[in-house]
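Student: Pasting a predicted model and its sequence here:
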Amino acid sequence: MIDGLSPEQREVVELPLAPLAVTACAGSGKTLTAIHRLAAMRSAFDDEHGLIALLSFSNVAVETFRAGYHDLMRAVGGHRRSMAVEIDTVDAFITCNVLRPHGHRTMNASRTPFLVEGGEAFLSSFKVYDGSISHPIRDLRARVNGPDFRFEVGRGSKFVPPANAKASIEKLGKSGAYTHDLGRYWVLRTLREQPDILRAFTRRYPHILVDEAQDISAEHQAILELLASKGCQLSLIGDVNQGIYDFSGADGKFLNDYHGTAGVTARRLTVNYRSIPAIVKVANALAGTNDVAHREAPDGFSGPHFITFKKGEEDKAIAAFASLCDRAKIDPKDAAIVCRSVDWSETWSGADSDQGQGVVRTFANAVLQRERQRRMGDAYNSCCVAIAGLLTDDQHDCLVHMKRPLDEHYRGIRRLIWDFVRDSDTGLPSGSLKALSEWHPLLLDRCKQLLQALSQDFGLTFCPTVGQRLAKKALKDSPLVIAPDLAAVHVPRFRVTTVHKVKGESIGAVLYAADKKHVRALLDGTKEELGRIGYVAATRARDLLVLAVPEAATKELEADLLKAGFQRASATVSVNAPRGPTNPIAKDAIDTSGMLIDFLETD
Ligand SMILES: Nc1ncnc2c1ncn2[C@@H]1O[C@H](COP(=O)(O)OP(=O)(O)OP(=O)(O)O)[C@@H](O)[C@H]1O
C-alpha cells in the first residue's frame, strides 16, 4: 500500500484522464479512492478555467469528501489549481449551476427560482388534477420519457395526463417555486431549451466524477448524458448491489451499462476493508460475488447471527441484541437497529406515530425524531416545516432559508428554533407526556411564545388561523413515545433508523429488523430492490450482524439462513429469574434488575 491506498485502489486513481466506470463492492473504500482520484485528475488536468466536479447523493457523503480532500491537499501541499474542484450533491450541483441562475427564463418566472418542501401554506392553491381527483402539487413527479416526460402522482404512481401536469407545473413555475422532484424537470428543460447554457456548463465542468452512481435516476442520467453529448467526460463509481432508490428510477443500470461502454475504462474494487471475513462471506453468498475480506477474524465473539422475535415483543429482541453487543464488546453507541422503512423504525423505537393532524402531527413527529430516533437534525427540520405551515402565504421561500440559512437574519431564526427543539422543558414538550391532556396544552403555550418572538424579532407574519391549525384533533390521551417494557432493566437505547439513512456508514454492530418478506428477499439476492435493501443493511456491520427474524417464519427460513452463513443465537427472556445461568447449556447471560436473558447457542 502507498499513501494508504491498496494496489487496486491506486490503479484506479492513477488511470489517465478519460471516462471511467468503477464498480466496487461494499466497504471497498470508494470514499478514499474517489478523493485520491479527484486529486489525481485535478493534477493531470491542465486547464486554466475548467473545474472538476465530484458529486454524490447525500450531504453526509459530500461533507466527508470535502473534509477528506482538504486533508489530502494539506498533507501533500496542493498545487496551484488544486482547489479548482467542486464537491457537492448532484441536486445542489445542477440547482446552483443551472436552475437558480438560468431557470427563470424557462419557468417564465420573474424571480430567482426557489425550492419548496411541500408543507408551505401557499401551496394549498397549487394542485394537479389526474382526471378524477386533485392532488397536492408536492405529490407530482415528472419522469423522463425520451425527449419528453410522463407524469405520475401519489404512492401508487397514478398516471396524470401530460396536459394537466404541465399546466400545474407551469403555474407553480411562474411563481418561481419548484419541488425537489420538479427541480430536475426544470433543469432538463433549461438545458434543452437554452443551448448556450448547456455549452457554458460543459466548458466549466469538462470532467465530472459521480460517487454512489447506482443511485443515478433516469432524470439525473438524462442531464449527465446531455453534458456528455457536449464533450464532458463522465466517470462513475458505485455498487449496483446497493441500488435502493428504485422509486426514483435509479436501478443501477446506467452504471452497469457504462461499465461495458466502448471508450470507457472499466475497473473493479473487490477488497472489503470494513467487515470481518464471516460477514463478507455472507455478503458474497447474498450477492453472488467473490469479494475478499481485508480484515482478519477477531478473537472474541463476532459474526453474522440471527435471533427470533414475536410481533409486539420487539423489546425482547432489543434486549437480546444488547446482550450480543455486550458479548462482542461493542459499545451500544457503535450499534444500530436498522429497519426497512420508517414505519418499522417507529415500531422498533416504540413510537406512536399515529397522533395529531397537520401541523400538530408534524410537531409530534419532531418529538419522535428527537426522543426515539435521536435524529436532532430531522427533528429541527420537522419543526421548521410545522412553523412554515403557520406562516402567511406571502413568505414563500422562508422554509428553505430556515433549514439552510445563508444570512444573519435567518441564522437568528435558526437559533430560536433550535432552542425550541432542543429543550423539552421550555420548548417542544416531552413525548412522555399524555398527548391530549398534557403535551398539547404545553405545545400551544410554548408555540405562542415562539411565534411571538419570531414575529417581534424577525418580522415573520403568521396566519390568523394559527389556533385552528394547532387544534388537538386526532390526539390520544397516551404518550407519543411509549416507554419500552425493558427500560427498567437498563437495556441501552440504540439508534433506531432506516437502511436508507445508514447507507454509506460503517457500524460496529447492526440489528436488521425484518419480517418474513424482508428475510426472503435478502436470501434471494440483490436482483430485486428489497434484497438490495437487506444487503445494504447487512454490509454496514463491521463485527457483528444480527438478523431479527419473526419466530413464526423461522422454521421455513432457517435452512437458507444457515446456508447463507448466519448462525442461530436464540434468546429466551425470563422475568424475575434467579441470578446466574439456570440452564446448563447457557453460554452467556446478563442479569439486570431481576431479568435474566440467556443465549442458547444451537449451532
Ligand atoms: N486501503 C485501505 N486500507 C485500509 N482501510 C481502508 C482502505 N480503504 C478504505 N478503508 C476503510 O474501509 C472502510 C470502508 O470504506 P468506505 O466507507 O469508503 O467504503 P465504501 O466503498 O464507501 O463502502 P459502502 O459502499 O459499503 O458504503 C472505512 O473504514 C475506510 O477507512
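Tutor: Yep, it's here. Residues are numbered from 1 along each chain as shown.
Student: which parts of the stretch 151-300 of the chain sit against the ligand?
Tutor: Within the stretch 151-300 of the chain, the positions near the ligand by C-beta under 6 Å from any ligand atom are 239, 242, 273, 274. Backbone N, C-alpha and C define where each C-beta goes, glycine included.
Student: For the ligand, state which of those is nearest.
Tutor: Using C-beta to the nearest ligand atom, residue 273 comes nearest to the ligand of these, at 3.2 Å.
Student: Report pLDDT for the closest one.
Tutor: Looking at residue 273, its pLDDT is 98.
Student: center of the chain - which residue?
Tutor: residue 501 (3.5 Å; C-alpha atoms, centre = their mean).
Student: What score does the residue of the chain found nearest the ligand have for pLDDT?
Tutor: The chain approaches the ligand most closely through residue 29 (2.6 Å), counting by C-beta to the nearest ligand atom. Residue 29 carries a pLDDT score of 97 in this model.
Student: can you pull the contacts of the residue nearest to it when sequence neighbours are not counted?
Tutor: Leaving aside its chain neighbours, residue 29 sits nearest to residue 273 (5.4 Å; criterion: C-beta to C-beta, 6 or more residues apart in numbering). The contact partners of residue 273, by C-beta atoms under 8 Å, 6 or more residues apart in numbering, come to 27, 28, 29, 294, 295.
Student: Now for the residue nearest to the centre of the chain: which residues touch it?
Tutor: residue 375.
Student: Kindly report the same for residue 208.
Tutor: By C-beta under 8 Å, 6+ apart, the contact set of residue 208 is 52, 53, 55, 224, 227, 232, 233, 234, 235.
Student: Excluding chain neighbours, what is closest to the fifth one?
Tutor: Right, residue 227. Nearest residue to residue 227 in three dimensions, chain neighbours excluded: residue 202, at 5.4 Å (C-beta to C-beta, 6+ apart).
Student: Contact partners for the closest residue to residue 126 other than its chain neighbours?
Tutor: Once flanking residues are discounted, residue 126 sits nearest to residue 137: 4.2 Å by C-beta to C-beta, 6+ apart. Contacts for residue 137 (C-beta under 8 Å, 6+ apart) come out as 123, 126, 127, 128, 168, 169, 172, 179.
Student: Give the burial count for the second one, as a bare number.
Tutor: Other residues within reach of residue 126, judged by other C-beta atoms under 10 Å, total 19.
Student: didn't it look like it was pressed against residue 172?
Tutor: Yes: between residue 126 and residue 172 there is a contact under C-beta atoms under 8 Å: 5.0 Å.
Student: Quick one: neighbours of residue 519, just the number.
Tutor: For residue 519, the count of nearby residues is 24 (other C-beta under 10 Å).
Student: got it, and residue 271?
Tutor: Counted by other C-beta under 10 Å, the residues lying close to residue 271 total 18.
Student: Test my guess that it contacts residue 292.
Tutor: Yes: Residue 271 is in contact with residue 292 according to C-beta under 8 Å; the separation is 5.1 Å.
Student: What values do phi and psi take at the nearest residue to residue 131 once chain neighbours are set aside?
Tutor: In this structure, residue 131 finds its nearest non-sequential neighbour in residue 161, 5.8 Å apart by C-beta to C-beta, 6+ apart. Main-chain dihedrals, residue 161, degrees, to the nearest 10: phi -50, psi 130.
Student: so what's residue 161 up against?
Tutor: Residue 161 is in contact with 130, 131, 151, counting by C-beta under 8 Å, 6+ apart.
Student: Can you list the residue ranges for helices in the stretch 401-550 of the chain?
Tutor: Along the stretch 401-550 of the chain, counting by DSSP state H, counting those that start in this stretch, helices occupy 408-422, 440-458, 466-469, 499-502, 516-524, 529-538.
Student: Can you work out which other helices and strands pack against the fifth one?
Tutor: Judged by 3 or more C-beta pairs under 8 Å, 6 or more residues apart in numbering; DSSP states H and E, the packing partners of helix 516-524 are helix 529-538, strand 541-550, helix 551-564.
Student: how about it: buried residues?
Tutor: Of the residues in helix 516-524, those buried by neighbour count under the rule 16 or more other C-beta atoms under 10 Å are 518, 519, 520, 521, 522, 523.
Student: What of the last one?
Tutor: Of the residues in helix 529-538, those with enough neighbours to count as buried (16+ other C-beta under 10 Å) are 529, 530, 531, 532, 533, 534, 535, 536, 537, 538.
Student: CA-only coordinates of that helix in CSV, if you can.
Tutor: What follows is helix 529-538, C-alpha atoms only, in CSV (Å, rounded to 0.1, in the frame of the first residue of the first chain):
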residue,chain,number,x,y,z
GLU,A,529,-34.7,-3.9,-4.6
LEU,A,530,-35.9,-5.4,-1.3
GLY,A,531,-33.0,-7.8,-1.5
ARG,A,532,-30.6,-4.9,-2.1
ILE,A,533,-32.1,-3.1,0.9
GLY,A,534,-31.3,-6.1,3.1
TYR,A,535,-27.8,-6.3,1.5
VAL,A,536,-27.1,-2.7,2.4
ALA,A,537,-28.2,-3.2,6.0
ALA,A,538,-26.0,-6.4,6.3
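Student: average pLDDT across that helix?
Tutor: Average pLDDT, helix 529-538: 96.
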